[in-house]
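Asker: curious how this folds, go ahead:
(2 chains)
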Amino acid sequence: NAGVTQTPKFRILKIGQSMTLQCTQDMNHNYMYWYRQDPGMGLKLIYYSVGAGITDKGEVPNGYNVSRSTTEDFPLRLELAAPSQTSVYFCASRSIGANVLTFGAGSRLTVL
Amino acid sequence: RKEVEQDPGPFNVPEGATVAFNCTYSNSASQSFFWYRQDCRKEPKLLMSVYSSGNEDGRFTAQLNRASQYISLLIRDSKLSDSATYLCVVNTGTASKLTFGTGTRLQVTL
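Answerer: Predicted coordinates for the structure are as follows:
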């Protein structure tokens, strides 16, 4: 049981580049989330999805886009990377009626 | 006022000590409450849910005070392995979003 899988684990980007962080879960969870965590800070919600084809903005969506074409996958796209997007990104999922989040191991992104 | 507030610490305690953390939340409509544990450079993991009547899991006790809008976590007989950051998490019930506090760092020493 893989749970929530994120790739890549580490990435260095140059300013203005774009990339996609991948997130896949094999638990058939309806709800999926993307959080970012800056050093010494809590997790801030970027985007979330309550099911395939449905996405919505969280607290800090600017500079990011998401899609949810399948229940399993919830990729996060960064367009025109900026140094302010240097952070650790966590994908998480949960099932309907359950409040417990299952997190991926995180993707550490540095924008130089 | 932040939705969820925690003292960032660090709390430095000797092994065997009892330590308590509080967390306040601003939305009185909040429905569910949790404590997550996060080890350095790792993902958060659920430690325990917090129930209205209070609940215990081994050395850990969680309590909820709805009138004052805070939750607490008590750790008894601290172990070195308890060293981590403890995140307070609140579900306000809006679109299934969970709001995280910034975390309280605990360092248990010999």
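
Asker: contact partners for residue A:32?
Answerer: Contacts for residue A:32 (CB atoms under 8 Å, 6 or more residues apart in numbering or on different chains) come out as A:23, A:25, A:48, A:49, A:68, A:74, A:91, A:92, A:93. Bear in mind the C-beta positions are built from the backbone N, C-alpha and C, glycine included.

Asker: and chain B, which of those residues reach it?
Answerer: residue A:48 (CB under 8 Å from any CB of the partner chain).

Asker: and which of the contacts of residue A:32 is nearest to chain B?
Answerer: Using CB to the nearest CB, residue A:48 comes nearest to chain B of the contacts of residue A:32, at 6.5 Å.

Asker: write down the beta-bridge partners of the closest one, one by one.
Answerer: residue A:33, residue A:56 (DSSP bridges).

Asker: that one contacts residue A:35, correct?
Answerer: No - applying CB atoms under 8 Å as the test, residue A:48 and residue A:35 come out as separate, 9.2 Å apart.

Asker: quick one: which of these two has more around it?
Answerer: residue A:35 (27 against 24; other CB atoms under 10 Å in any protein chain shown).

Asker: quickly list what the residue nearest to that one when sequence neighbours are not counted is bridged to.
Answerer: Excluding the flanking residues, the one nearest residue A:35 by CB to CB, 6 or more residues apart in numbering or on different chains is residue A:43, at 4.0 Å. Note on residue A:43: beta-bridge partners by DSSP bridges are residue A:37.

Asker: list the contacts of residue A:43.
Answerer: Contacts for residue A:43 were tallied using CB under 8 Å, 6+ apart; they are A:35, A:36, A:37, A:90, B:44, B:87, B:100.

Asker: swap in residue A:10?
Answerer: Residue A:10 neighbours (CB under 8 Å, 6+ apart): A:107, A:108, A:109.

Asker: so which strand or helix has the closest residue to residue B:17 other than its chain neighbours?
Answerer: Residue nearest to residue B:17 in three dimensions, not counting chain neighbours: residue B:78, with 5.1 Å by CB to CB, 6+ apart. Per DSSP states H and E, residue B:78 falls between elements, in no helix or strand.

Asker: what's the neighbour count on residue B:78?
Answerer: As a burial measure, residue B:78 scores 21 neighbours (other CB under 10 Å).

Asker: so it makes contact with residue B:19?
Answerer: Yes - in this structure residue B:78 lies within contact range of residue B:19 using CB under 8 Å: 6.0 Å.

Asker: overlap in contacts of those two?
Answerer: Jointly contacting residue B:78 and residue B:19 under the rule CB under 8 Å, 6+ apart are B:13, B:106.

Asker: touching the lowest-mean-pLDDT helix or strand in chain B from outside, list them.
Answerer: Ranked by mean pLDDT, DSSP states H and E, the weakest helix or strand in chain B is strand B:98-100, scoring a mean of 88. Contacting residues not belonging to strand B:98-100 are listed as A:33, A:35, A:42-45, A:99, A:101, B:3-4, B:25, B:34, B:36, B:44, B:87-92 [CB under 8 Å, 6+ apart].

Asker: need the residues of chain B near chain A, please.
Answerer: So chain B meets chain A at B:4, B:8, B:32, B:34, B:36, B:41-46, B:49, B:87, B:91, B:95-103 (CB under 8 Å from any CB).

Asker: which residues in chain A form strands?
Answerer: Applying DSSP state E to chain A gives strands spanning A:4-7, A:10-13, A:19-25, A:31-37, A:43-51, A:54-57, A:64-66, A:76-78, A:87-94, A:102-103, A:107-111.
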